[in-house]
Structures are given as C-alpha cells and as structure tokens.
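**Student:** after the sequence you'll find the predicted model.
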Amino acid sequence: MATFKPSHRGVERTLARSAALALGAFASGRIDAQRFGALLVDQRPLAPEAVDTLVKCVEALDELLAYGDALFVRRVPRGGLLRDEVDARLAEIGRAFAAARVFQSVRRGAPTPSGHLAMLRHFPFALWSRAERRLAPPLVIRLGGADLRAEHLVEYLDGAVCIALVVDDLVSPAPLVRLITPSVLVVQTSKATALDALNRATGPAVAALLPEGCAELLHDPNAGARLDDRLTITRASAETKCEALGWRSARQAREELAQLDALAELCRAARDVSLLVVPPLGGGNGNGEGSVDAVASWLLTQAGFDGGVG
C-alpha cells in the first residue's frame, strides 16, 4: 500500500521506464515501451481523491503500529465492563482490515463508499467478514475477579478469536463454565503453563489464569467428538465457597459451580460405561420368537424381575 501511491504518480514515465528495462536493448527503437507497458500492467493515474484515500489508509496503519503491544494487551479498569474493552480493542484492530478493503477499492478503480472511510477510524467486530475473523490476533486482558463476566465474551468467540484473561484477585470458582460449547477451546487454570493449550486452538479460544483455589478445566474441541473426550475438570476443593462478588451474586456463582459438577458427572458416567453382553441364545422355533423371548427374559431378570417372561 505504501508503494502503490507513489508508483501511480507520473505513471506514464514509470511505465515507459519499466517496460524499456524489461524489453532490453533489442527493443530500442523498435517497440513503443510506453504502449507496451500499458498493455501488460493495469496501472492508471490516480485521481486526487483516490490519493487522499490512500493517505488515510496509510495513516490508519501507522497509528496501529504506533500502539505496539498495547494494541493487544489491555486492562479493564476496576468496575469496568469486559465487553466494552474487548469491543474497543477489536474495533481498533479492525481498522487494519478496513484499510485493506479501502485499498482494494482504490486499486480496482471503484469509488470508495463513505462508510468505508468511517471504518478507517472504527471497524467493529460485528462487521468483520468470516476471513477477517479467521485472521484475528490474540488479546490479553488483565482484570479483577469481580469484573470477570464471561457472558460478555460470547459474541466475540468466532473465527480464530483468542482471548486470554489474567485475573488479579478473588474470583468466582467457575467463571468460564458458561462458555463451554463444542467448537470453543476453554481453559480455566491457576498454572501459566496450562495456557499452552491456546497454541493448539484451531477455532475460537478463551483462557483465564486464576488465583489458586478455583476449579480447573480444559475443554479442547480437537480432543474428540464426545463431551467426555473434550472436557477435563479438576476441582481444587469439594468445599468451595460461593459468595457475592461484583456483578455476580452468590446464587449465580453456585449455579456455575453446579453446572460444572453436572458436566463432570456426565463425563465420569460416560467414561465408566461398560458394555452389556447379551448371553448366547438357544432354542427357538426357527422364526425368531424364541430368541425374542430369551432376550426379554434376560432383560427382565437383569432388572430384578425373577419371573422372566410369562
């Protein structure tokens, strides 16, 4: 983009020089280098308004580069909303995608809609394309436990969006349980090394580095099709206290912990299932009725009905 604008100023002279160099000495005096270059290269002089538009694109990218790591590492102020911080960061990052869109419009010679120019200043995640969501860079957000409202992240868990939350202080015991869905990698841990799981994510991912004492879980969509394959839950203590904290009431914290316990029980039950082997069947009258009676009798016996089939 930075070289596109100057390359289009004085385009006639540039095309002639480029074509002459490409054709070499043999073409000198035989081939019109200017006309030959125009046939092979789709370059047109830029209108003044197009040049101004490209300048705005470059300025937007320069502003993003000036942020450095601060573009991706942020802190939610005490009492602030996690949704607002994530939305603002992604809208700022989205300016790079907006610049690419506007640049392509200029390159095609198409008029640039005024709405696209507004995107250079603010391009919210809701307007990102599927491809742009797949290119989303990771975010690292520090916040207090009272401000960790996982439900604020749901609308952003798409494409390859990856959000790591670093929690400074007391937090509810199972804050991320509401985010466990088939395609989202979810990590809740007190060990920084466990965040390495984010490197394996092929879709949306969210991780929280929490203080000691919270439940720990890993939901990895790549681990299998069944929930008991994907989900591993470790409870630090069976007597975890659930208290009101910030926006979260004690009842809501208990609900989250109860949901985590229910998921853990489902996974345990699925892993402990044993196959029931039906004993070989004998007898019968050749038309299958004896076999059906034998199976029915066996099932009733297993259920505690000693009489079997009458």
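**Tutor:** Thanks, I have the structure now.
**Student:** all contacts plus neighbour counts: C-alpha atoms, from now on.
**Tutor:** Will do.
**Student:** just list what the top helix by length along the chain packs against, helices and strands only.
**Tutor:** In the chain, assigned by DSSP state H, the helix with the most residues is helix 82-108. On a contact count with 3 or more CA pairs under 8 Å, 6 or more residues apart in numbering; DSSP states H and E, helix 82-108 meets helix 48-67, helix 114-119.
**Student:** between these, which one is nearest to L257?
**Tutor:** L257 lies closest to helix 48-67 among the helices and strands packed on helix 82-108, at 38.9 Å (CA to CA).
**Student:** I233 reaches L217, doesn't it?
**Tutor:** Yes: if you go by CA atoms under 8 Å, I233 and L217 touch, sitting 4.3 Å apart.
**Student:** more neighbours: which of these two?
**Tutor:** Set I233 next to L217 and count neighbours by other CA atoms under 10 Å: L217 wins out with 22 against 17.
**Student:** what lies in contact with the helix or strand containing that one?
**Tutor:** Element membership for L217, per DSSP states H and E: strand 216-219. Strand 216-219 is contacted by residues 180, 184-190, 230-236 when judged by CA atoms under 8 Å, 6 or more residues apart in numbering.
**Student:** helix or strand right after it?
**Tutor:** Counting by DSSP H and E, what follows strand 216-219 is helix 227-230.
**Student:** which helices and strands does that next one pack with?
**Tutor:** Using 3+ CA pairs under 8 Å, 6+ apart, helix 227-230 is in contact with helix 250-272.
**Student:** any weak-confidence spans in the stretch 1-150 of the chain?
**Tutor:** Scanning the stretch 1-150 of the chain for pLDDT under 70 picks out the ranges 1-45, 113.
**Student:** number of residues surrounding L257?
**Tutor:** Neighbours of L257 under the rule other CA under 10 Å: 22.
**Student:** try L65
**Tutor:** The tally of other residues near L65 (other CA under 10 Å) stands at 13.
**Student:** just to revisit the earlier point, please identify the buried residues of the longest helix of the chain?
**Tutor:** 82-83, 85-87, 89-103, 105-107 (16 or more other CA atoms under 10 Å).
**Student:** that one versus helix 48-67: what angle between them?
**Tutor:** 140 degrees (axes from the mean of the first three to the mean of the last three CA atoms, to 10 degrees).
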